[in-house]
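need a structure here:
(one chain, ligands or ions: 2)
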Amino acid sequence: MKKKIALITGISGQDGAYLAQFLLKKKYKVIGTDRRSARSNFWRLRRLGIENQIIFEEMELGENCEIDRIFKKYKNINEVYNLAAQSFVATSFNSPVNTSNITGIGALRILESIRNFNPKIKFYQASSSEMYGEILEKYQNETTPLNPRSPYAISKVFAHFVTKNYREAYNMFAVSGILFNHESPLRGEEFVTRKITLGLVKLLNNDLDCLELGNINAKRDWGYAKEYVELMWSMLQKKKAEDFVIATGRHHSIKDFIEECLKILNIKAKWIGNGLNKRLIRTDDNKTIIKINSKYFRPSEVNLLHGDASKAKKKLNWKPKINLKKLVKIMIDDEIKYYKNN
Ligand code: NAP
Ligand code: GDD
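Ligands and ions are numbered 1, 2, ... in the order given. I've put the predicted structure just below:
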């Protein structure tokens, strides 16, 4: 049987790596695009041992001609997973125009290219729970109104609706997965969960004095990235093109996440103070190991996200397997295993 061909944008990112691994196991030919030709940022693919099985192409999402070149070159692509984005919410406040151009209009550029070169290609858009922003319903599902709170989230709303529009206007198989936060040992170090797991392991190795964080009261619905990427594929295998929310249905604060890490690392510590003066101190030597720094607060924050993935449970026959405790264990175990080897 002829191999199916998948193109993944953002192959060097967390989800790109896990999705590539999953599709390779399913015997797909995987084309991975990245904005740079240098391979230095492919540590995730190397960690998974799949770097040599991927066909790499350069594609900057801001350049129409680079996108067209790929679809001209590979006429038989079956599925496109658009995972590339300026994906860090904090950066989007400093770089709103670039974020809109890449995270928002980037999706439109790909859809336009697919429409021109081969509208039969199935398209997956990486939509985000950040689109719900200051939430308007207690549990967020596919029909919850969007209320974005950052240039990143606004760009994702644009990409989300442009995907819907290409599905409705041109009858293309174009869908969005509205994924709630998903983490893993392959998470970028700037995101809060990985910043915490890496920071605490550095502290234990005397390579860091004190970890500085922002709003530790924010709450997120955290799932496991390796599990979530499989659902991107499932969405493209359905007869009907439709959007799905993927979430665990449970939420925890950043503080809860820290406390799970402390248990696993057997660090005995207690919180003292309030607000910006809140600190975590070790109970054995009273040393401060976590403090709050206002520079990590966002101009407008998303305080709480809590997904309702009932539709995915029913139609994709899915239920989340990894809860917060297991997720933290997976992340800490890998952090220790690979610390100093990267
Ligand atoms: P990630 O690790 O930050 O990966 C983003 C990828 O986009 C990287 O490969 C990055 O390349 C690439 N990229 C950035 N700017 C680009 C540009 N101008 N042109 C081409 N490529 C560019 O993100 P992730 O966690 O894997 O997430 C994957 C997608 O899902 C993103 O679109 C994200 O917004 C979305 N999403 C993520 C979550 C989550 O919790 N992880 C939840 C909902 C939605 P470099 O390596 O060169 O930077
Ligand atoms: N990054 C970071 N660093 N976040 C911190 C810190 C810190 O030092 N201290 C507190 N936080 C809080 C943020 O203010 C936010 O409320 C929460 O931790 C989570 O921040 P991130 O881990 O940066 O993720 P995010 O929720 O903003 O965005 C991620 O999830 C989205 C899905 O909801 C990203 O992966 C987005 O690309 C994705 O769309």
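
average pLDDT across the host helix or strand of Glu227?
Using DSSP states H and E, Glu227 falls within helix 225-237. What helix 225-237 shows for mean pLDDT is 98.

now swap in stretch 21-33 and tell me
In this model, stretch 21-33 has an average pLDDT of 98.

ditto for stretch 334-342
Over the span of stretch 334-342, the pLDDT mean works out to 88.

how about the strands in the stretch 151-300 of the chain?
Per DSSP state E, counting those that start in this stretch, the stretch 151-300 of the chain carries strands over the ranges 174-179, 182-183, 211-213, 219-220, 223-224, 244-246, 252-253, 269-272, 279-282, 288-292.

quick one: the longest one to helix 225-237, angle?
Inter-element angle recorded for strand 174-179 and helix 225-237: 160 degrees (by axes from the mean of the first three to the mean of the last three Cα atoms, to 10 degrees).

and the gap between the nearest residue to Gly104 once chain neighbours are set aside and ligand 1?
Using Cβ to Cβ, 6 or more residues apart in numbering and skipping residues adjacent in sequence, the residue nearest Gly104 is Ser155, 3.4 Å away. (Glycine included, C-beta is placed from N, CA and C.) Between Ser155 and ligand 1 the computed distance is 9 Å (Cβ to the nearest ligand atom, to the nearest Å).

Present the strands of the stretch 151-300 of the chain as CSV; the columns should include mean neighbour count and distance to Phe56.
Converted to CSV, those look like this (neighbours: other Cβ atoms under 10 Å; distance: least, Cβ to Cβ, whole Å):
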stretch, mean neighbour count, distance to Phe56
strand 174-179, 26, 24
strand 182-183, 26, 24
strand 211-213, 18, 35
strand 219-220, 23, 32
strand 223-224, 24, 26
strand 244-246, 26, 27
strand 252-253, 18, 37
strand 269-272, 14, 44
strand 279-282, 18, 42
strand 288-292, 19, 39
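
Out of these, which gets nearest to ligand 2?
strand 211-213 (3.9 Å; Cβ to the nearest ligand atom).

List the strands paired with the closest one, with their directions.
strand 288-292 (parallel) (DSSP bridges).

quick revisit: wondering if the helix holding Glu227 reaches ligand 2 at all.
No: applying Cβ under 6 Å from any ligand atom, one finds helix 225-237 out of contact with ligand 2, separated by at least 9.6 Å.

Run the chain-centre distance for that helix.
Centroid separation for helix 225-237 versus its chain: 13 Å, with Cα atoms, centre = their mean, to the nearest Å.

could you say what helices and strands that helix packs with?
Counting by 3 or more Cβ pairs under 8 Å, 6 or more residues apart in numbering; DSSP states H and E, the packing neighbours recorded for helix 225-237 are helix 14-25, strand 79-82, strand 122-128, strand 174-179, strand 182-183, strand 244-246.

6 Å instead, please
Helix 225-237 sits against helix 14-25, strand 122-128, strand 174-179, strand 244-246, with contacts defined as 3 or more Cβ pairs under 6 Å, 6 or more residues apart in numbering; DSSP states H and E.

what angle sits between the next helix or strand along the chain from the first one and helix 14-25?
This points to helix 14-25. Per DSSP H and E, the first helix or strand lying C-terminal to helix 14-25 is strand 29-34. Using the same axes, to 10 degrees, the inter-axis angle of strand 29-34 relative to helix 14-25 is 160 degrees.
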